[in-house]
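S.K.: I would like the atomic coordinates for the input below:
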Amino acid sequence: MVTAVASLGGLLFGYDTAVISGAVGALENYFITSLINNDAIAVSTIFQFKLIISLCILGVGILFSSFILKFFRKSKAYAIIGIILVLGGAIYYFQFLSLPGVLTENLRNSILGFMISSALVGCIIGAAMGDKAANSIGRRNGLILAAILFLLSACGSAYPEPLNIFQANTLTSFIIYRIIGGIGVGLASMLAPLYIAEMAPAHIRGKLVSCNQLAIVSGMLAVYFVNYFIVSGKTEDWINTEGWRYMFLSEGIPAVLFLLFLFLVPKTPRYQTMKGNESDAIKVLTKMNGPVKAGQILQEIKASFSKTGANWLSFGWTIVIIGILLSVFQQFVGINVVLYYAPEIFKGMGMETDASLLQTIIVGAINMIFTVLAILTVDNFGRKKLMMIGSAFLAISMIGLGFTFYFQVTGLLALLLMLLYIAAFAMSWGPVTWVLLSEIFPNKIKGVMAVAVAVQWLANLAVSWTFPMMNNNESLVATFNHGFTYWIYGIMAIISGIFIWKFVPETKEKTLEEMELLWSSKDRL
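M.R.: The predicted structure follows:
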């Protein structure tokens, strides 16, 4: 029951990130078309867009500044932050802020891309808040906060006009509610597996924590079904004015269930012990592990608090760079473009709205099936081998998909290449990246994983934001017929395979202590 309740956080994670996929076309028609037809609204929107981007950059900049302070001595860290601030600020001002308030093609596509991917800004913030939330209000209460944020985002994204409490225009109101939902996703992405891991008996912990990943892809599949049934048989006009609202509002149902069920499960023993409530901790441990093991586990928990972490560069830069690049390549192969924009991609193949959403259900089903296969095979097959084979098939499918668009032979071949891509990712870079990140970092520097996760969300934002800017660019479309973007992701897949082959060690059947010795023996950068 505990795992099922916590996994609802994973389901909402998948639901919230994928719900946007069915609404992309409607959102473009509802929000972006109005900017083209009304200069006054366009000028106001551009000003607010610049303001909200500036605030987002400020928030993300503060987060990454805190990481820099963990890597370097204060004097050196402040110097690095200062240089980035001056150079980055100058580039940002002259390349973006100083541009006139004119709705150019690139700016229009940029606004659309950010509107679709804005939840990812919240994900970065939520993931960064996760550790503090876990240690201050607790794992369970942190998930309760995430559930409330999911519910607020569902209602506010569906009806940004009547729920506009921000003194901004409707588009900005929608973006803010999506960012609020993203904070919930970021919190759930860290706290749900942490809660399960701390509650589960050791002999079934791996299986139960894997349920969270399964719940994420199940949430994606569920929302693809919901989106399809909402628009099935409806007119384009209804979808563009009302249909997209029901897509976002539907998230309120699992959010309410998640919120209510969380009050039925206990706080974790580790958190209870941390706060000095050992009597409550022993009750939970006894219920979960039996009276014989409960006392022993409590002593182990208390002993673990005496361990202190080492400097993040104790094992050199190599392990840090490898962890960050694993996160970057997981996103740069283009997976979230497929998950967020799948219906639009299928429409580009000449399909109607109903058919494109039906194809998206097939994408979600393939994603879930092959994720389950990856969970069942990763311990037998090996991480490195799975990742290299995955990279090869990702490259083949993306480059092939680019050629189908270029030669305008979309249809069954394009669909098969898309499904091959999803299957390859779900068997390799999807779940196995998380396995590697949890295994390559020695216990002494586990905090570096927070940097890798934050970079992963940032890379996700960069890819999702830039896709419309490349895919809808008139000159690129005229030259490559939408194929250019997919070739970029295919090239990234090739580079990712070379990276795995050359630099990433095999962690299969190695203990965390053996991994620590491996990094200690390597020459440090």
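
S.K.: which SSE is residue 434 in?
M.R.: Assigned by DSSP states H and E, residue 434 belongs to helix 431-440.

S.K.: elements contacting that helix?
M.R.: helix 317-332, helix 353-381, helix 383-406, helix 448-471, helix 512-521 (3 or more C-beta pairs under 8 Å, 6 or more residues apart in numbering; DSSP states H and E). Quick note: C-beta positions are derived from backbone N, CA and C, even for glycine.

S.K.: what comes up buried for it?
M.R.: Using 16 or more other C-beta atoms under 10 Å as the test for burial, helix 431-440 gives 431-437, 439-440.

S.K.: in the stretch 1-150 of the chain, which spans are strands?
M.R.: Using DSSP state E, counting those that start in this stretch, no strands are assigned anywhere in the stretch 1-150 of the chain.

S.K.: any low-confidence regions in it?
M.R.: Low-confidence segments of the stretch 1-150 of the chain (pLDDT under 70): none present.

S.K.: wait, residue 496 sits on residue 429?
M.R.: Yes - taking C-beta atoms under 8 Å as the definition, residue 496 is a contact partner of residue 429 at 7.3 Å.

S.K.: which other helices and strands contact whichever helix or strand residue 195 is part of?
M.R.: Per DSSP H and E: residue 195 is located in helix 170-199. If you count contacts as 3+ C-beta pairs under 8 Å, 6+ apart, helix 170-199 packs onto helix 2-18, helix 39-71, helix 105-117, helix 119-136, helix 139-158, helix 205-231, helix 269-274, helix 448-471.

S.K.: follow-up on the earlier one: which member of the buried residues of helix 431-440 is positioned nearest residue 381?
M.R.: Residue 381 lies nearest to residue 432 out of the buried residues of helix 431-440, by C-beta to C-beta, at 9.6 Å.

S.K.: what about that closest one, distance to residue 425?
M.R.: Residue 432 sits 10 Å away from residue 425, taking C-beta to C-beta, to the nearest Å as the criterion.

S.K.: show me what contacts the residue lying closest to residue 261 once chain neighbours are set aside?
M.R.: Sequence neighbours aside, residue 5 is the residue nearest to residue 261 in space, at 4.5 Å (criterion: C-beta to C-beta, 6 or more residues apart in numbering). Counting by C-beta atoms under 8 Å, 6 or more residues apart in numbering, residue 5 makes contact with 258, 261-262, 264-265.

S.K.: quick one: which of those residues is most hemmed in?
M.R.: residue 258 (26 neighbours; other C-beta atoms under 10 Å).

S.K.: report the secondary structure state of residue 313.
M.R.: coil (DSSP: H, G, I helix; E, B strand; the rest coil).

S.K.: please parse this protein into its domains.
M.R.: Following automatic domain parsing, one finds the domains of the chain at 266-305, 314-525.

S.K.: what's the most distant pair in the buried residues of helix 431-440?
M.R.: Maximum pairwise distance in those, criterion C-beta to C-beta, is 15.1 Å, between 431 and 440.

S.K.: now the common contact residues for residue 496 and residue 429.
M.R.: In contact with both residue 496 and residue 429: 329, 333, 387, 391, 394, using C-beta under 8 Å, 6+ apart.

S.K.: burial count for the third one?
M.R.: What it means is residue 387. Residues lying near residue 387 (other C-beta under 10 Å) number 27.

S.K.: and the nearest residue to it once chain neighbours are set aside, what does it touch?
M.R.: Of all residues not flanking residue 387 in the chain, residue 500 sits nearest, at 4.6 Å (C-beta to C-beta, 6+ apart). Residue 500 makes contact with 384, 387-388, 391 under the criterion C-beta under 8 Å, 6+ apart.

S.K.: so what's residue 500 scoring on pLDDT?
M.R.: Looking at residue 500, its pLDDT reads 94.

S.K.: relative to residue 401, how far out is residue 437?
M.R.: Separation of residue 437 from residue 401 (C-beta to C-beta): 28 Å.

S.K.: wait, which of the domains of the chain is closest to residue 154?
M.R.: domain 314-525 (17.5 Å).

S.K.: in the stretch 301-450 of the chain, where is pLDDT below threshold?
M.R.: 304-310, 340, 343-344, 347-355, 443, 446.

S.K.: follow-up on the earlier one: ranking the domains of the chain by burial, who's on top?
M.R.: domain 314-525 (a mean of 19; mean count of other C-beta atoms under 10 Å).

S.K.: so how far is that domain from its chain's centroid?
M.R.: 12 Å (C-alpha atoms, centre = their mean, to the nearest Å).

S.K.: one more: stretch 117-131?
M.R.: Offset of stretch 117-131 from its chain centre (C-alpha atoms, centre = their mean): 9 Å.

S.K.: show me what that stretch is in contact with.
M.R.: Applying C-beta under 8 Å, 6+ apart, the contact partners of stretch 117-131 are 16-17, 20, 56, 59-60, 63, 142, 146, 149, 153, 175, 178-191, 194, 340, 450, 453-454, 457-458, 460-461, 464-465.

S.K.: let's see 7 Å
M.R.: With C-beta atoms under 7 Å, 6 or more residues apart in numbering as the contact definition, stretch 117-131 has outside contacts at 16-17, 56, 59-60, 63, 175, 178-187, 189-191, 450, 453-454, 457-458, 460-461, 464-465.

S.K.: now do stretch 404-424
M.R.: By C-beta under 7 Å, 6+ apart, the list of residues contacting stretch 404-424 reads 338, 349-350, 359, 362-363, 366-367, 370, 390, 393-394, 397-398, 400-401, 480-483, 486.

S.K.: pLDDT wise, what is the spatially most central residue of the chain at?
M.R.: Ranked by distance to the mean C-alpha position of the chain (C-alpha atoms, centre = their mean), the top residue is residue 457 at 5.4 Å. Looking at residue 457, its pLDDT reads 86.

S.K.: pull the contacting residues for it.
M.R.: By C-beta under 7 Å, 6+ apart, the contact set of residue 457 is 120, 123-124, 127.

S.K.: how far away is residue 15 from residue 248?
M.R.: Residue 15 is 10 Å from residue 248, by C-beta to C-beta.

S.K.: neighbour-wise, which of those two wins?
M.R.: Taking other C-beta under 10 Å, residue 15 and residue 248 do not tie; residue 15 has more neighbours (29 against 26).

S.K.: what's around residue 235, how many residues?
M.R.: By other C-beta under 10 Å, the residues close to residue 235 number 11.

S.K.: rewinding a little: quick one: closest of the helices and strands packed on helix 170-199 to residue 171.
M.R.: Of all the helices and strands packed on helix 170-199, helix 39-71 sits nearest to residue 171, with 5.6 Å by C-beta to C-beta.

S.K.: which helices and strands does that closest one pack with?
M.R.: Packed against helix 39-71 by the contact rule (3 or more C-beta pairs under 7 Å, 6 or more residues apart in numbering; DSSP states H and E) you find helix 33-37, helix 74-92, helix 119-136, helix 170-199, helix 448-471.

S.K.: now, of those, which is deepest in the fold?
M.R.: Note that of the helices and strands packed on helix 39-71, helix 170-199 is the most buried (mean count of other C-beta under 10 Å), with a mean of 25.

S.K.: tilt between that one and helix 205-231?
M.R.: Put simply, helix 170-199 runs at 150 degrees to helix 205-231, going by axes from the mean of the first three to the mean of the last three C-alpha atoms, to 10 degrees.

S.K.: and residue 73, which of the domains of the chain is closest to it?
M.R.: domain 314-525 (14.5 Å).

S.K.: how many residues are close by the residue nearest to residue 3 when sequence neighbours are not counted?
M.R.: Using C-beta to C-beta, 6+ apart and skipping the chain neighbours, the partner closest in space to residue 3 is residue 208 (4.7 Å). Other residues near residue 208 come to 19 when the count uses other C-beta under 10 Å.

S.K.: same check on the one 10 residues further on?
M.R.: As a burial measure, residue 218 scores 21 neighbours (other C-beta under 10 Å).

S.K.: thought residue 505 was touching residue 518?
M.R.: Yes - if you go by C-beta atoms under 7 Å, residue 505 and residue 518 touch, sitting 6.1 Å apart.

S.K.: ok, the residue nearest to residue 433 when sequence neighbours are not counted to residue 390 distance?
M.R.: Distances taken as C-beta to C-beta, 6+ apart place residue 330 nearest to residue 433, at 4.6 Å, with adjacent residues excluded. For residue 330, the distance to residue 390 equals 10 Å [C-beta to C-beta].
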